[in-house]
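Participant: Using only what follows, build the 3D model:
(4 chains)
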There are 2 protein chains.
Amino acid sequence: MPRTKAFDEDTALHSAMQLFWKQGYHATSMQQLLDATGLSRSSLYETFGGKEALFLAAIERYLNEINRVRVQAMLNDPSPRCGIEAFFSGIVEFAVGDAKKLGCMMTNSAIEFGSGKGPIEDRIFGVFKAVEEAFVTTVERGQQLGEIPHRQTPRELARFLMTQVQGVRVMSRVNPERDWLQSAVSVALCVIRKSEKAA
Amino acid sequence: MPRTKAFDEDTALHSAMQLFWKQGYHATSMQQLLDATGLSRSSLYETFGGKEALFLAAIERYLNEINRVRVQAMLNDPSPRCGIEAFFSGIVEFAVGDAKKLGCMMTNSAIEFGSGKGPIEDRIFGVFKAVEEAFVTTVERGQQLGEIPHRQTPRELARFLMTQVQGVRVMSRVNPERDWLQSAVSVALCVIRKSEKAA
DNA sequence: AATATTTCGGAACGATCATTCCATTAACTG
DNA sequence: CAGTTAATGGAATGATCGTTCCGAAATATT
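Facilitator: Numbers count the residues shown, from 1 in each chain, chains lettered A, B, ... in the order given. Here you go, the predicted model:
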């Protein structure tokens, strides 16, 4: 009976996500989102509910489309140390690739919203926690396999790696140059290598 | 002949800076800036010119009031390695102190504006460059004094340290807890210690 | 005290913000 | 083909955006 939708919901959400990613929440207007998605006002509000709800949906989309794959690849890598190195390489390559100057939508949102009390802040905090735990798990496994030195605890190393990831995200938004980022990353990775030499 | 100003320009700029720092550029309205500074519209526009000009002034104020001291202390420290360690300690202590969840105004602005082409972006990029150079100088000195190992070049270590600083800034906005940040920092500092042991 | 000069309070500007609403359009069911 | 139901286009909402402007207030000089 009903009229069929003239747009693809996933495609629209993808477009919205990219715009939020590039510009942040406050700097992005509904008008821009309408232009980017091609939807009409009615359709956008009917489908997603509003700006905040759309942003939350965009976050989930980002996690599924961008973040989850990377984290899972690290967790599943037979060599934990290689998994961590690939994790960083992936970030660097992404930063200097097509999507220049985007950084990470989670990092950008974390900075923009800080640690307030809304649903957005809660979600971001949860993501950060989850990534830290993924690092802990991977480092533990690496230490058990003898790939990663025991100089520090898995928790300490995870926090260090997490911090370094965030730093790379910031730098990729300001200065997305491979050499620059690679320098920083290769030094950081020394910490999880048996030899102190750079990669 | 003229009527005297009923406000202190420095105090007003300080208040504006703090608000921008906390909320970012786009999320801060002129009305909020009027409330925070106590100025009237006329006075604010007459004195500072407008929102963007006020933000640029706030950046300079931040650099002079917050950033410059820290960087100079590092450059002037008789022990470069201690200077770097103090630099990080200062950041951590600040993050967990009164000014919780503020992070760093430069980091926040870098994320918010990305690497566009306006005067704000240019200024931020310049600051990042300058801090990197300060690290290069300090590491060079540390290596010459034998305090910092020669495993990597000063440039590489500087980029690594710079990235770690940015990471700590991000984490301080999301999760400003001393233990957490201290873990990350102490691991990072291993890289510039002769022994691989944690601090 | 009178005058000149600057600050200040507040109204007003057009533009844009996120959101709501309704009449119209289109498609599936019967 | 007619009827029902949801999707759509677009006008309109009140609020707020950054900015401008002008009359009133206030002070230092004459």
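Participant: Next secondary structure after the helix of greatest length in chain A?
Facilitator: As assigned by DSSP state H, the longest helix anywhere in chain A is helix A:119-144. Using DSSP states H and E, the next helix or strand after helix A:119-144 towards the C-terminus is helix A:154-174.
Participant: any bit of that next one sitting next to chain B?
Facilitator: Yes: using C-beta under 8 Å from any C-beta of the partner chain, we find that helix A:154-174 touches chain B at A:155-157, A:159-160, A:162-171, A:173-174. For the C-beta atoms, the positions are set from N, CA and C on the backbone; glycine is no exception.
Participant: and the longest helix of chain A, how far from the chain's centre?
Facilitator: When distances are taken as C-alpha atoms, centre = their mean, to the nearest Å, helix A:119-144 is centred 12 Å away from the chain's centroid.
Participant: Just the buried residues of the regular element (helix or strand) spanning residue A:16, please?
Facilitator: Assigned by DSSP H and E, residue A:16 falls within helix A:9-23. Neighbour-count burial for helix A:9-23, with 16 or more other C-beta atoms under 10 Å in any protein chain shown as criterion, is recorded at A:12-23.
Participant: The helix or strand that that helix is followed by packs against which elements?
Facilitator: Going down the chain from helix A:9-23, the next helix or strand is helix A:30-37, by DSSP H and E. When contacts are defined as 3 or more C-beta pairs under 8 Å, 6 or more residues apart in numbering or on different chains; DSSP states H and E, helix A:30-37 sits against helix A:9-23, helix A:41-48, helix A:51-62.
Participant: what's the spacing between the longest one and its chain's center?
Facilitator: Centroid displacement of helix A:9-23 relative to its chain, using C-alpha atoms, centre = their mean, is 15 Å.
Participant: Output the set of residues of chain A in proximity to DNA strand D.
Facilitator: Chain A has residues A:1-7, A:39-43, A:46-47 near DNA strand D, with proximity defined as C-beta under 7 Å from any atom of the strand.
Participant: what's the closest of the residues you listed to chain B?
Facilitator: Distance to chain B, by C-beta to the nearest C-beta, is smallest for residue A:41 among those, at 22.1 Å.
Participant: What number of residues are in the vicinity of the nearest residue to the closest one once chain neighbours are set aside?
Facilitator: Distances taken as C-beta to C-beta, 6 or more residues apart in numbering or on different chains put residue A:34 closest to residue A:41, at 6.4 Å, once the chain neighbours are dropped. Using other C-beta atoms under 10 Å in any protein chain shown, residue A:34 has 15 other residues around it.
Participant: With residue A:138 instead?
Facilitator: With other C-beta under 10 Å as criterion, residue A:138 counts 26.
Participant: likewise residue A:184?
Facilitator: When counting by other C-beta under 10 Å, one arrives at 26 neighbours for residue A:184.
Participant: tell me which element it falls in.
Facilitator: Per DSSP H and E: residue A:184 is located in helix A:178-190.
Participant: tell me how far that helix is from the chain's mean position?
Facilitator: For helix A:178-190 - counting by C-alpha atoms, centre = their mean - the centre lies 18 Å from the chain centre.
Participant: And for stretch A:83-94?
Facilitator: With C-alpha atoms, centre = their mean, you get 12 Å for stretch A:83-94.
Participant: do stretch A:89-105 as well
Facilitator: Using C-alpha atoms, centre = their mean, the offset of stretch A:89-105 from its chain centre is 10 Å.
Participant: got the CA positions of it in PDB?
Facilitator: Provided in PDB are the C-alpha atoms of stretch A:89-105 (Å, rounded to 0.1, in the frame of the first residue of the first chain):
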ATOM      1  CA  SER A  89      50.000   1.000   9.700                       C
ATOM      2  CA  GLY A  90      46.400   1.000   8.800                       C
ATOM      3  CA  ILE A  91      45.800   4.200  10.500                       C
ATOM      4  CA  VAL A  92      48.800   5.900   8.900                       C
ATOM      5  CA  GLU A  93      47.900   4.700   5.400                       C
ATOM      6  CA  PHE A  94      44.300   5.800   5.900                       C
ATOM      7  CA  ALA A  95      45.500   9.200   7.000                       C
ATOM      8  CA  VAL A  96      47.600   9.800   4.000                       C
ATOM      9  CA  GLY A  97      45.200   8.200   1.500                       C
ATOM     10  CA  ASP A  98      42.000   9.500  -0.100                       C
ATOM     11  CA  ALA A  99      40.400  10.600   3.100                       C
ATOM     12  CA  LYS A 100      43.000  13.200   4.000                       C
ATOM     13  CA  LYS A 101      42.500  15.300   7.000                       C
ATOM     14  CA  LEU A 102      39.500  13.500   8.400                       C
ATOM     15  CA  GLY A 103      41.300  12.000  11.400                       C
ATOM     16  CA  CYS A 104      39.200   9.600  13.400                       C
ATOM     17  CA  MET A 105      35.500  10.400  14.000                       C
END
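Participant: Going by neighbour count, which residues in it are buried?
Facilitator: If you call a residue buried by 16+ other C-beta under 10 Å, then stretch A:89-105 has these buried ones: A:91-92, A:94-96, A:102-105.
Participant: Switch those residues over to JSON lines; also include pLDDT.
Facilitator: JSON lines is the format used below for the buried residues of stretch A:89-105 (pLDDT from 0 to 100):
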{"residue": "A:91", "pLDDT": "97"}
{"residue": "A:92", "pLDDT": "97"}
{"residue": "A:94", "pLDDT": "95"}
{"residue": "A:95", "pLDDT": "95"}
{"residue": "A:96", "pLDDT": "94"}
{"residue": "A:102", "pLDDT": "94"}
{"residue": "A:103", "pLDDT": "94"}
{"residue": "A:104", "pLDDT": "97"}
{"residue": "A:105", "pLDDT": "98"}
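Participant: Chain B: which of those residues is nearest?
Facilitator: Of all these, chain B sits closest to residue A:103, with 6.7 Å by C-beta to the nearest C-beta.
Participant: Just the ones in helices from the buried residues of stretch A:89-105, please.
Facilitator: Using DSSP H, the members of the buried residues of stretch A:89-105 that fall in helices are A:91-92, A:94-96, A:105.
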